[in-house]
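K.L.:
I would like the atomic coordinates for the input below:
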Amino acid sequence: MDELNALPYLDAVVREILRVHAPVRATGRIAVKDDIIPLSIPITDRYGRIHDHVKIDKGTDVTIPIQSLNVEKALWGDDAAEFKPERWQNSPEAVQGVPGVWGNMLTFLGGRASDIASHSSSEPHLPCCSLMLSLTALALAISRMKAFLFTLIREFAFELAIPAEDIIKKSAIVQRPYIKGKVDQGSQLPLLVKLYQRV
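P.N.:
From the prediction side, this is the model:
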């Protein structure tokens, strides 16, 4: 695995896959105490009042829009929605402050083990070994993804069997591809797979 981790472009491809196509579009948290969330850009409410923060009460459900933040132009630039692994060679400065356990993106939030709010509450939090196990499992999953991609891409050429605009994403717990007009047939992604011809 050290050899795979030493391939910077493969690392960039994996990061970009997980940024542009985050498996989980959003997640939720529950506020463990009354708090104030500062806003980077003030908002105007329906009464014309300008706010630079949002007050939340203990017990409030908070939705974290993972996919939206992963393709936010203010963070990633005008080409934020494009698949562009090269962006990881010099990622935008704006993303450096994005909390996440890997790659300055919210694709992996780390669960309660890395949740800042859980550590500042009076509730017991996970011991250090639980956080280490979560991070070890994440590193293993990323290594497996790299090995899987490295093996497949060296041996096969892939292309869509139908036009890209005929594929839609639907979310349950994770996002899955469906064929437009055939959602009732379940998740599917028709591909043409050929042996890769080395030159």
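K.L.:
in the chain, which strand has the most residues?
P.N.:
The longest strand of the chain (DSSP state E) is strand 35-44.
K.L.:
quick check: angle from the helix or strand that that one is followed by to strand 35-44?
P.N.:
Sequence order places strand 50-56 as the next helix or strand after strand 35-44, per DSSP states H and E. Interaxial angle, strand 50-56 versus strand 35-44 (axes from the mean of the first three to the mean of the last three C-alpha atoms, to 10 degrees): 150 degrees.
K.L.:
Quick one: mean pLDDT for the helix or strand just after strand 50-56?
P.N.:
Once strand 50-56 ends, the next helix or strand along the chain (criterion: DSSP H and E) is strand 61-64. Strand 61-64 carries an average pLDDT of 90.
K.L.:
Counting by contacts, list what strand 61-64 packs against.
P.N.:
Other helices and strands packing on strand 61-64, by 3 or more C-beta pairs under 8 Å, 6 or more residues apart in numbering; DSSP states H and E, are strand 27-30. All C-beta spots, glycine's among them, are computed from the backbone N, C-alpha and C.
K.L.:
gap between the strand it packs on and the chain center?
P.N.:
Centroid separation between strand 27-30 and its chain, computed with C-alpha atoms, centre = their mean, to the nearest Å, is 15 Å.
K.L.:
same deal with stretch 13-20?
P.N.:
8 Å.
K.L.:
got a list of contacts for stretch 70-83?
P.N.:
16-17, 19-20, 22, 69, 87, 92, 94-95, 98, 105-107 (C-beta atoms under 8 Å, 6 or more residues apart in numbering).
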